[in-house]
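Student: got a predicted model here, sequence first, then my questions.
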Amino acid sequence: MKRNVGNVERLLRALGGLVLVVCAVMAPLPLAVRLAALGGLGVYLLFSALAGSCLGYALMGRSTCPIEPGR
């Protein structure tokens, strides 16, 4: 996939993903809710931050990356 997430957004996604994963571990909610809602979203945010690519942005044709790859 082509990189479409800028560096500042990657940092914010990584921080948000870490917060959601910690909440999935510590929240006083049923296990299914914690894993599905908090854990799943947290893992996706961490993955997109590490990869530099967001599936939603790719589907919409958006990019927050200031420099196109290959330039």
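Tutor: On my side now, so go ahead.

Student: from here on, just use CA atoms for contacts and neighbour counts.
Tutor: OK.

Student: where does this structure have low pLDDT?
Tutor: Applying pLDDT under 70 to the chain picks out residues 68-71.

Student: any idea which residue sits dead centre in it?
Tutor: In the chain, the residue lying closest to the centroid (CA atoms, centre = their mean) is Leu45, at 1.6 Å.

Student: name the nearest residue to it, sequence neighbours excluded.
Tutor: Once flanking residues are discounted, Leu45 sits nearest to Gly17: 5.0 Å by CA to CA, 6 or more residues apart in numbering.

Student: mind listing what's buried in stretch 58-68?
Tutor: 63, 65 (16 or more other CA atoms under 10 Å).

Student: repeat for stretch 28-41
Tutor: Using 16+ other CA under 10 Å as the test for burial, stretch 28-41 gives 34-35, 38-41.

Student: make TSV out of the residues you listed and add secondary structure.
Tutor: Shown next, in TSV, are the buried residues of stretch 28-41 (DSSP: H, G, I helix; E, B strand; the rest coil):
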residue	secondary structure
Arg34	helix
Leu35	helix
Leu38	helix
Gly39	helix
Gly40	helix
Leu41	helix
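
Student: which one of the residues you listed sits closest to Val21?
Tutor: The nearest member of those to Val21, counting by CA to CA, is Gly39 at 5.2 Å.

Student: you'd agree the closest one is up against Leu18?
Tutor: No. With contact defined as CA atoms under 8 Å, Gly39 does not reach Leu18; the gap is 9.5 Å.

Student: and stretch 56-70, how far out from the chain's middle?
Tutor: 15 Å (CA atoms, centre = their mean, to the nearest Å).

Student: so Phe24 sits against Leu38, correct?
Tutor: Actually, residue 24 is Ala rather than Phe. Yes. Proximity of Ala24 to Leu38 meets the contact threshold set by CA under 8 Å, at 5.2 Å.

Student: okay, and the common contacts of the two?
Tutor: Taking CA atoms under 8 Å, 6 or more residues apart in numbering as the contact rule, Ala24 and Leu38 touch no residue in common.

Student: which one is Leu35 nearest to, not counting chain neighbours?
Tutor: Ala24 (6.3 Å).

Student: can you get me a residue count around the one you found?
Tutor: For Ala24, the tally of surrounding residues (other CA atoms under 10 Å) stands at 24.
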